[in-house]
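Peer 1: structure here, sequence nowhere to be found:
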């Protein structure tokens, strides 16, 4: 996700009641199933509500075999 954003960290402000999906949109990241989100260190669904000061980590899992 760092390559899409062009930076390692991004701070965004969202209105009360915002969700993980709102944060994805505000960050300009794709809302695809292969983009995982950690909300304060725990994997979260797109509908998860955000609280003030929440920390989100966006990433694409890497697998191999």
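Peer 2: Structure's in. What do you need? Small disclaimer: the values here were computed from a predicted structure and weren't measured. Numbers count the residues shown, from 1 in each chain.

Peer 1: what is the subsequent helix or strand relative to the least confident helix or strand in the chain by mean pLDDT?
Peer 2: Using mean pLDDT, DSSP states H and E, helix 2-5 stands out as the lowest-scoring helix or strand of the chain, at a mean of 66. Using DSSP states H and E, the helix or strand that follows helix 2-5 towards the C-terminus is helix 20-27.

Peer 1: got the buried residues for that following helix?
Peer 2: Within helix 20-27, the residues scored as buried using 16 or more other CB atoms under 10 Å are 20, 22, 23, 24. Quick note: C-beta positions are derived from backbone N, CA and C, even for glycine.

Peer 1: what packs against it?
Peer 2: strand 36-39, strand 56-59 (3 or more CB pairs under 8 Å, 6 or more residues apart in numbering; DSSP states H and E).

Peer 1: what's the first one packed up against?
Peer 2: Just to be clear, that refers to strand 36-39. helix 20-27, strand 56-59.
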